[in-house]
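> missing the sequence, but the structure's below:
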C-alpha cells in the first residue's frame, strides 16, 4: 500500500516534513474542492495544491508527450509557479528566480517519430522555452533519447531481440521511450540538490477507463496526496479531471481565456 510522505507542519506554514505516516491533504489546505464541483473549482484546487508544493520549496518534474493530458497538467503547473512568482515579486519587489524551486519538463525523442510529429514536438518545446524565459520562471526542458544499446531497432537488427507484435508486449516502447525517460528523471533527481525533495507530477486520469480508475485508486494515485513509490515522490494533479474538463481547458486556452505557453 502506497503512503504519503508529506504532511503540513502547523508551526511552519507552507513547509513539509517527512514522517511516513499521515497524508498531506493538499486540497483541504489549498481550496475547498469537493467531488462534483465545477470545472473552475477543480482548476483552482489543482493550482492551489501545486502552489503549496512550490511554496514549500519542492522542485517539480513533469513528463510530457505534448498530448492533451500532459499539456493541460503542464499549463496548470506553470500557472501555479507564476502565481507564486508574482506573489514573491510583490513582496520582495525584485527578481524571484533564485527563490523559486526549479521545474523540469522532460520529454522523449525516440529518433523514429513521424516527421510531422517530430516537428510538432520541437515546436512545442521551443514555445515552452520562450514562454518561461519571458515569464522569468526557472523551468528547464530536457529530452530523453535512447542510447545505441537501448535502441530497439539496433537490438532487432543485431539479433539481440525479437519484434514486438500487437497485443503481445511493448518492449519497443519500453526500450525507446520509458527507460530513457526513467533514466533522465533519475539523473535530474540526483543532480537536484534542494532543501526539499523533488516531486514528479504524473498526468494520469481516473476517467480514462473503469479499470484504470480502479488500479489508480488501489495504488493511492490521487490529486490531493503525495505518495512515495520506489524512492520517488509522486502526485497526480489531474487524476480527477474528466475528458470534458481537459477539452474545456484547451478550449479556453484557444479562446484566449487562459494564458499559457
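The structure has been received and is ready for your questions. Nothing here was measured: the structure is a model prediction, and the numbers come from that model. Numbering: from 1, shown residues only.
> If we go by neighbour counts, what in stretch 127-145 is buried?
Using 16 or more other C-beta atoms under 10 Å as the test for burial, stretch 127-145 gives 128, 132, 135, 137, 138, 139, 141, 142, 144. C-beta here means a position set from N, CA and C on the backbone, and glycine is covered the same way.
> Oops, could you answer that again for stretch 220-232 instead?
220, 221, 222, 223, 224, 225, 226, 227, 228, 232.
> pLDDT, secondary structure and distance to residue 172 added to those residues, as TSV?
Shown next, in TSV, are the buried residues of stretch 220-232 (pLDDT from 0 to 100; DSSP: H, G, I helix; E, B strand; the rest coil; distance: C-beta to C-beta, whole Å):
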residue	pLDDT	secondary structure	distance to residue 172
220	89	coil	30
221	92	coil	26
222	89	coil	31
223	90	coil	31
224	86	coil	35
225	87	coil	34
226	90	coil	32
227	90	strand	29
228	90	strand	30
232	87	strand	24
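> Now distance to residue 113 too, for those, in TSV please.
Formatted as TSV, these follow (distance: C-beta to C-beta, whole Å):
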residue	distance to residue 113
220	33
221	28
222	32
223	30
224	35
225	35
226	33
227	32
228	33
232	27
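> Pick out the most distant pair among those residues.
Farthest-apart pair in those is 224 and 232; separation 18.2 Å (C-beta to C-beta).
> Let me see the mean pLDDT of stretch 67-83.
Stretch 67-83 shows an average pLDDT of 97 in the prediction.
> likewise stretch 243-253?
Mean predicted lDDT for stretch 243-253 stands at 97.
> Residue 118 touches residue 109, doesn't it?
Yes: between residue 118 and residue 109 a contact is recorded at 7.4 Å, counting by C-beta atoms under 8 Å.
> Who has more neighbours out of those two?
residue 109 (17 against 14; other C-beta atoms under 10 Å).
> Around residue 38, count how many other residues there are.
Under the criterion other C-beta under 10 Å, the count of neighbours that residue 38 has is 9.
> Walking through the stretch 101-250 of the chain, point out its helices one by one.
115-135, 152-157, 171-173, 179-191, 210-218, 243-254 (DSSP state H, counting those that start in this stretch).
> export those helices to CSV and tack on distance to residue 60?
Output for the helices of the stretch 101-250 of the chain, formatted as CSV (distance: least, C-beta to C-beta, whole Å):
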stretch, distance to residue 60
helix 115-135, 13
helix 152-157, 30
helix 171-173, 25
helix 179-191, 11
helix 210-218, 20
helix 243-254, 19
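> Residue 49 is nearest to which of the ones you listed?
Among those, helix 243-254 sits nearest to residue 49 (C-beta to C-beta), with 15.5 Å.
> ok, of the buried residues of stretch 127-145, which one's closest to residue 103?
For the buried residues of stretch 127-145, the nearest to residue 103 is residue 139 (4.6 Å; C-beta to C-beta).
> Quick check: end-to-end length of stretch 226-233?
Using C-alpha to C-alpha, to the nearest Å, one end of stretch 226-233 lies 6 Å from the other.
> per-residue confidence for residue 149?
Per the predicted model, pLDDT is 71 at residue 149.
> Quick check: pLDDT value at residue 18.
Residue 18 is given a pLDDT of 36.
> Next: residue 14.
38.
> still on that earlier bit, pLDDT and distance to residue 58 added to the buried residues of stretch 127-145, as JSON lines?
Below are those laid out as JSON lines (pLDDT from 0 to 100; distance: C-beta to C-beta, whole Å):
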{"residue": "128", "pLDDT": "97", "distance to residue 58": "20"}
{"residue": "132", "pLDDT": "95", "distance to residue 58": "18"}
{"residue": "135", "pLDDT": "92", "distance to residue 58": "19"}
{"residue": "137", "pLDDT": "93", "distance to residue 58": "15"}
{"residue": "138", "pLDDT": "93", "distance to residue 58": "13"}
{"residue": "139", "pLDDT": "96", "distance to residue 58": "14"}
{"residue": "141", "pLDDT": "94", "distance to residue 58": "19"}
{"residue": "142", "pLDDT": "93", "distance to residue 58": "18"}
{"residue": "144", "pLDDT": "90", "distance to residue 58": "22"}
